[in-house]
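Trainee: how does the following fold in three dimensions:
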Amino acid sequence: MVFLKLSGKRPGKEGISMAVCFYADLYWILNFIMNLFLLYITAWWLDEPASVRRWVLSSAVLAVFPVINTIASQSGVKVPQVLTAVLELALLVFWAYKPACIRQFLKQLVNFILMSALTAGMLFMLKGIFSRGGESSQKFSLLFLLVSVFLLYILFRFLRTSIAKQELRRESMVNVTLIHNGRELVVKALFDTGNHLISPYTGEPVFIISKELSESLELKKNLKPLLIPYNSIGGRGLLEAYRLELVQFQDGSTRKNFLAAVSDNICTDKEIQMILNNQSMAEGGHNA
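Mentor: Take a look at the predicted model:
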């Protein structure tokens, strides 16, 4: 355990000098844990790409700043507390998330500060609850510490799982360009291994698009639907399918004259407007 003896004055005791023990390593550990936790919860909130190694490294390095700041202020050196705190947060956010532009950086910084304020408020509330009891304040403080550590552990596990799911979903999403009847739309598509929908008439794989996308392409006005039977966990029935001219992927590959069935609710993520077919992708059939 590393500690430093800092000189100071006890308030209300006529300025009597006293030695204050400051445990630098413990203070660094606490700041490191909180930095990492706040990076996790902000990334989860903003759906930022995961980069755990960079988060750990930036949290560890930036946790040194409060230690130095505290030592300097207790030693009589005047330090602008607010300015150094803002600079520390800005460096932490910039290093951890690597924003692509100033607008994205400001958004990340503001949300990080909001999450910090929310977390601090909850901790102070818990401290106030567990600190009641007068003579038993030390027991309550210990209980508060144990409860805080347990809650942080649970939240870390939850955030790790959630961010992993977000990362998997992000890797499965691609931007595609749909071209049909003179219209060109860029939409988000999901590569779903569970989509095995096949046309019973031609044996070709069928993509799935949202009802909103079909309305944007005005499919009902120009084409007659082909009814495709489907069978899933949610039930069975018939989907209206239309033959579209072209879909172009980010790598430049295309698929022409393909079938797309319209579904009222293709995904819980409202941004996704198209689900790619597993068989078509497995065959490498982008250029089919």
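Trainee: could you list the low-confidence segments of the stretch 1-150 of the chain?
Mentor: Low-confidence segments of the stretch 1-150 of the chain (pLDDT under 70): 1-22, 121-149.
Trainee: would you map the strands across it?
Mentor: Applying DSSP state E, counting those that start in this stretch to the stretch 1-150 of the chain gives strands spanning 3-9, 17-23.
Trainee: mind giving me the packing neighbours of the lengthiest strand in the chain?
Mentor: In the chain, taking DSSP state E as the definition, the longest strand is strand 235-248. If you count contacts as 3 or more Cβ pairs under 8 Å, 6 or more residues apart in numbering; DSSP states H and E, strand 235-248 packs onto strand 173-180, strand 206-210, strand 226-232, strand 254-263. Just so you know, the C-beta spots here come from the backbone N, C-alpha and C atoms, and that holds for glycine as well.
Trainee: repeat the analysis, applying 6 Å as the threshold.
Mentor: On a contact count with 3 or more Cβ pairs under 6 Å, 6 or more residues apart in numbering; DSSP states H and E, strand 235-248 meets strand 173-180, strand 226-232, strand 254-263.
Trainee: pick the most buried one from the ones you listed.
Mentor: strand 254-263 (a mean of 19; mean count of other Cβ atoms under 10 Å).
Trainee: re earlier: redo the helices and strands packed on strand 235-248 as a markdown table? Include distance to residue 98 and mean pLDDT.
Mentor: Formatted as a markdown table, the helices and strands packed on strand 235-248 follow (distance: least, Cβ to Cβ, whole Å; pLDDT from 0 to 100):
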| stretch | distance to residue 98 | mean pLDDT |
| --- | --- | --- |
| strand 173-180 | 20 | 84 |
| strand 226-232 | 40 | 83 |
| strand 254-263 | 32 | 88 |
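Trainee: now render the ones you listed as CSV, adding distance to residue 157.
Mentor: Shown next, in CSV, are those (distance: least, Cβ to Cβ, whole Å):
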stretch, distance to residue 157
strand 173-180, 25
strand 226-232, 31
strand 254-263, 34
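Trainee: residue 242 and residue 30: what is the separation?
Mentor: 59 Å (Cβ to Cβ, to the nearest Å).
Trainee: who has more neighbours, these two?
Mentor: Using other Cβ atoms under 10 Å, the more surrounded residue of residue 242 and residue 30 is residue 242, with 20 against 13.
Trainee: who touches the more buried one in this structure?
Mentor: Going by Cβ atoms under 6 Å, 6 or more residues apart in numbering, residue 242 touches 219, 223, 260.
Trainee: do residue 243 as well
Mentor: With contacts defined as Cβ under 6 Å, 6+ apart, residue 243 is in contact with residue 259.
Trainee: can you do 10 Å?
Mentor: 180, 219, 223, 225, 226, 257, 258, 259, 260 (Cβ atoms under 10 Å, 6 or more residues apart in numbering).
Trainee: farthest pair within those?
Mentor: In the contacts of residue 243, two members sit farther apart than any others by Cβ to Cβ. They are 225 and 257, at 16.1 Å.
Trainee: rewinding a little: now, which of the contacts of residue 242 sits nearest residue 231?
Mentor: So of those, ranked by how close each gets to residue 231 (Cβ to Cβ), first place is residue 260, at 18.5 Å.
Trainee: that closest one contacts residue 199, correct?
Mentor: No: using Cβ atoms under 10 Å, residue 260 is not in contact with residue 199, being 11.0 Å away.
Trainee: identify the contacts common to these two.
Mentor: 206, 228, 241.
Trainee: if we can go back for a sec, quick one, the longest strand of the chain and strand 173-180 angle?
Mentor: Between the axes of strand 235-248 and strand 173-180, defined by axes from the mean of the first three to the mean of the last three Cα atoms, to 10 degrees, the angle is 80 degrees.
Trainee: in strand 235-248, which residues are buried?
Mentor: By 16 or more other Cβ atoms under 10 Å, the buried positions in strand 235-248 come out as 239, 240, 241, 242, 244, 247, 248.
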